[in-house]
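**Q** Got a predicted model here, sequence first, then my questions.
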Amino acid sequence: MAISPRSPSIWAWAFSLLLLLFSAQIWPGAAFYLPGSYPHKHQVNSPLNVKVNSLTSIDTELPFSYYSLPFCQPPDGVKDSAENLGELLMGDRIESSPYQFKTLVNESDVFLCLTKPLSKDDFALFAKRIDEMYQVNVMLDNLPAIRYTKKEDGFVLRWTGYPIGVKVSDAYYVFNHLKFTVLVHKYEEPNVARVMGTGDAPEVIPMTKNNENPGYMVVGFEVVPCSFQHDLESVKNLKMYDKYSTKIQCEPSTVAMQLKENQPVAFTYEVAFVESDIKWPSRWDAYLKMEGAKVHWFSILNSLMVITFLAGIVLVIFLRTVRRDLTRYEELDKEAQAQMNEELSGWKLVVGDVFRAPGNPRLLCVMVGDGVQILGMGVVTILFAALGFMSPASRGTLITGMIFFYLILGIAAGYVAVRLWKTLNCGNPAGWANVSWRVACFFPGIAFLILTTLNFLLWGSHSTGAIPFSLFVILILLWFCISVPLTLAGGYFGVRAPHIEYPVRTNQIPRQIPPQKYPSWLLVLGAGTLPFGTLFIELFFIMSSLWMGRVYYVFGFLFIVMILLVVVCAEVSLVLTYMHLCVEDWKWWWKAFFASGSVAIYIFLYSVNYLVFDLKSLSGPVSATLYLGYSLFMVLAIMLATGTVGFLSSFWFVHYLFSSVKLD
């Protein structure tokens, strides 16, 4: 059915929705909110549910469940919170906690529980987790608890979570009393726009304000851990949420509650509500101002300036060289061109071999197809994150979005791989289904093998980072029920599309390549240094986010860096391809792929350097193996993506170069 210009306007609905999306996500201070993303309004004396996440440590990178230690449990039992696919893959295990707050109700010296006497195993586990510097992660209204420490120079350090305990002179002390501070802001009813269909087109009208019962929004959640020695005799008869008889003095600088075998531990807490001027859209600012934020911004800006300058130099030199050759050649008549072909060497002499099919063309098509899929996923995901749709406040959405876009872009991978295969076969589509299957299984298969191996290590360590068997089944179903069919569909469209015609004919007998002074693969491996220059500063912050528990949020800069990376990869591959053709080396296909793809080697070396010098405290062979395994997975994806950029740009350049001149 055709859509008339006066249809209750799908276009007007789409425009209104986009208006709401951009107003809510790009400009958080605007008075627009998406349905379901309104500020959480809490009435006075209404309950607030505190949740706990996995115990984490930068020393082991192995998350464990909060209740793997003998902490107090909720009276109605531990309940898992709703989790998305991204949270499960990242090892988050969000569960209910025994802490119960009431809005604007200050409470002090609240008794939680008295644990059973610590067995030998419980004490050893507590001691091990304290030695490994594990942190407890508590959340309220999706805000992680944050703690502050002021240094002598007035500089404020911020951390999320708090340590389980501390070791002093071979004795272990546990933080068994928590002082919570909840920052609240009085709810201000915004002029929320809602769309009303009243006829031919929707109208955006403001909602009425309701100030009768404004309520409060949670805009901050702070915690101060303390180690307090309770009188065990006085707490034996207390029930959960009773008031402790003695005033608890919370002194973070002193420790008193020593862990001992066959001795129970009493847990208490207090909570204070403070009205704050922080508004709902700004409540994540404290988390995004972690240590090193200013250095982050200046470093990225410096990197962008340097890389832009280098890319400009490469582009100018390249264009001047190629244009000079083309102009000089086209100004000659046919007789002079023929004489020039006999006298001169260079790219003009490989005209009969430059489009000769490379070795192992099927594998090249498969890798290019997977590279298109990975590159497309990265660009689209980072773009959406830069626009604010995948902020750190939405836990797991970044990983979930990456998986979703990767699955959908399987159709692009199949299309590019099969069309390239058809082109290399001079228009013969035979074997396109096999190519599509390989595209659908090559990178996912390697990734599945790596992650399964690492998952067995996590299972052996009883870590919550291990993927449950049910999630394994879901991932396999997503792979074979969505990604594979879409890749085959893309291959079907690719085989129906016309193949790319070569501008020159290929000789039956290949031309002998003259001996080179230096191995061509040295140039190919060295070419990855320039693309690596676009990444190495940003890579530090990405690695810190992955392995040091810091919040990464400058996706706008990351998107710019990624665009620069694509440009530099294309330029480097073009220059290397031109250099190979100038020395009559017509085997450029794989070299063009690895000229830009070799950046992955330097990224892996950087990862090893980061492990040795920045993750010095990383303990145990399991942790190091996990780190190197995940790094290998990341490097493989980057190699396919950057290699695809280099190959496709070189293919376009060679096709354009030899179609721009008349060669007999």
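**A** Nice, thanks for sending it over.
**Q** make it CA atoms for all contacts and neighbour counts henceforth
**A** Will do.
**Q** Which pLDDT does the model give A433?
**A** Among the per-residue scores, A433 holds a pLDDT of 93.
**Q** Tell me where the model's unsure across the stretch 301-450 of the chain.
**A** Confidence mapping of the stretch 301-450 of the chain against pLDDT under 70 gives the ranges 301-303, 306-307, 310, 313-314, 317-348, 391-393.
**Q** Going along the chain, name the helices of it.
**A** Ranges of helices within the stretch 301-450 of the chain are 334-343, 361-386, 397-408, 410-424, 432-460, based on DSSP state H, counting those that start in this stretch.
**Q** who touches stretch 248-261?
**A** By C-alpha atoms under 8 Å, 6 or more residues apart in numbering, the surrounding residues in contact with stretch 248-261 are 109, 117-120, 123, 171-177, 179, 224-230, 265.
**Q** buried ones in it?
**A** In terms of neighbour count (16 or more other C-alpha atoms under 10 Å), stretch 248-261 has its buried residues at I248, C250, V255, A256, M257, Q258, L259, K260.
**Q** Relative to R129, which of the helices of the stretch 301-450 of the chain is closest?
**A** With C-alpha to C-alpha as the criterion, R129 lies closest to helix 432-460 of those, at 16.3 Å.
**Q** Can you name every helix or strand that that closest one contacts?
**A** The contact analysis (3 or more C-alpha pairs under 8 Å, 6 or more residues apart in numbering; DSSP states H and E) places helix 432-460 against helix 361-386, helix 410-424, helix 484-496, helix 621-659.
**Q** What's the mean pLDDT across the helix or strand just after that helix?
**A** The element immediately downstream of helix 432-460 (helix or strand, assigned by DSSP states H and E) is helix 469-478. Confidence over helix 469-478 (mean pLDDT, whole number) is 89.
**Q** I509 falls within a helix, correct?
**A** No - the assignment for I509 by DSSP: H, G, I helix; E, B strand; the rest coil gives coil, which leaves it out of any helix.
**Q** can you confirm T181 is in a strand?
**A** Yes - secondary structure of T181, determined by three-state DSSP: located in a strand.
**Q** Just grab the bridge partners of it for me.
**A** According to DSSP bridges, the residues that bridge with T181 are E222, A272.
**Q** how about it, what does it touch?
**A** Residues in contact with T181, defined by C-alpha under 8 Å, 6+ apart, are G220, F221, E222, V223, V271, A272, F273, V274.
**Q** Pull out the buried members of those.
**A** Neighbour counting over these (16+ other C-alpha under 10 Å) leaves G220, F221, E222, V223, V271, A272, F273 as the buried ones.
**Q** Just name the most buried of the helices and strands packed on helix 432-460.
**A** Across these, averaging neighbours per residue (mean count of other C-alpha atoms under 10 Å) puts helix 410-424 on top, at a mean of 27.
**Q** domain parsing for this structure?
**A** With the TED database serving as the domain definition, the record reports that the chain contains domains spanning 46-189+214-287, 293-326+361-658.
**Q** so which of these comes closest to D353?
**A** Between D353 and the domains of the chain, the shortest gap by C-alpha to C-alpha is with domain 293-326+361-658, which sits at 5.5 Å.
**Q** Relative to L387, how far out is I403?
**A** For I403, the distance to L387 (C-alpha to C-alpha, to the nearest Å) stands at 18 Å.
**Q** Let me fix that, I meant to ask about Y172.
**A** Note on Y172: its distance to L387, by C-alpha to C-alpha, is 46 Å.
**Q** And F480, by the same measure?
**A** Using C-alpha to C-alpha, one obtains 31 Å as the distance from F480 to L387.
**Q** cool, and W588?
**A** 39 Å.
**Q** okay, the two: which has more neighbours?
**A** Remark: of W588 and L387, W588 carries more neighbours, 24 against 17, as counted by other C-alpha atoms under 10 Å.
**Q** ok, so what distance separates the residue lying closest to that one once chain neighbours are set aside from F594?
**A** Distances taken as C-alpha to C-alpha, 6 or more residues apart in numbering put T577 closest to W588, at 6.1 Å, once the chain neighbours are dropped. Noted for T577: a distance of 11 Å to F594, by C-alpha to C-alpha.
**Q** Tell me the helix or strand right after the lowest-mean-pLDDT helix or strand in the chain.
**A** Across the helices and strands of the chain, mean confidence by mean pLDDT, DSSP states H and E is lowest for helix 10-25: a mean of 36. Going down the chain from helix 10-25, the next helix or strand is strand 47-52, by DSSP H and E.
**Q** what's next to the helix or strand that that following strand is followed by, contact-wise?
**A** Past strand 47-52, further along toward the C-terminus, the next helix or strand under DSSP H and E is helix 85-89. Taking contacts as C-alpha under 8 Å, 6+ apart, the residues outside helix 85-89 that touch it are R93, R395, G396, T397, L398, I399, T400, G465, I467.
**Q** How many neighbouring residues does Y553 have?
**A** 18.
**Q** Under the pLDDT cut-off, which ranges of the stretch 51-200 of the chain? List them.
**A** Low-confidence regions of the stretch 51-200 of the chain, defined here as pLDDT under 70, cover residues 82-83, 150-157, 188-200.
**Q** Now do the strands in it.
**A** 95-102, 107-114, 135-136, 138-140, 143-144, 146-150, 156-160, 162-163, 165-168, 171-174, 177-186, 193-197 (DSSP state E, counting those that start in this stretch).
**Q** want to throw those strands into CSV with distance to V654?
**A** Formatted as CSV, the strands of the stretch 51-200 of the chain follow (distance: least, C-alpha to C-alpha, whole Å):
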stretch, distance to V654
strand 95-102, 58
strand 107-114, 73
strand 135-136, 56
strand 138-140, 56
strand 143-144, 54
strand 146-150, 56
strand 156-160, 53
strand 162-163, 58
strand 165-168, 64
strand 171-174, 67
strand 177-186, 62
strand 193-197, 53
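**Q** K236: which of those is closest?
**A** Comparing those by C-alpha to C-alpha, strand 107-114 comes nearest, at 7.2 Å.
**Q** quick one, the closest one and strand 95-102 angle?
**A** Between the axis of strand 107-114 and that of strand 95-102 there is an angle of 150 degrees, by axes from the mean of the first three to the mean of the last three C-alpha atoms, to 10 degrees.
**Q** Output strand 107-114 as PDB, restricted to C-alpha atoms.
**A** Listed next in PDB are the C-alpha coordinates belonging to strand 107-114 (Å, rounded to 0.1, in the frame of the first residue of the first chain):
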ATOM      1  CA  GLU A 107      19.200   5.700  60.500                       C
ATOM      2  CA  SER A 108      22.300   4.900  62.600                       C
ATOM      3  CA  ASP A 109      23.700   1.800  64.200                       C
ATOM      4  CA  VAL A 110      21.400  -0.600  62.400                       C
ATOM      5  CA  PHE A 111      22.200  -4.200  63.100                       C
ATOM      6  CA  LEU A 112      22.300  -6.600  60.200                       C
ATOM      7  CA  CYS A 113      23.400 -10.000  61.400                       C
ATOM      8  CA  LEU A 114      26.000 -12.000  63.400                       C
END
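**Q** who does it touch, helix- and strand-wise?
**A** Using 3+ C-alpha pairs under 8 Å, 6+ apart as the test, strand 107-114 ends up in contact with strand 266-275.
**Q** now the strand it packs on against strand 177-186, angle please.
**A** For strand 266-275 against strand 177-186, the angle between stretch directions is 20 degrees (the same axes, to 10 degrees).
**Q** Roughly how far does the residue nearest to N507 when sequence neighbours are not counted sit from D585?
**A** Nearest residue to N507, sequence neighbours excluded (C-alpha to C-alpha, 6+ apart): G352, at 5.0 Å. Computed as C-alpha to C-alpha, the G352 to D585 distance reads 12 Å.
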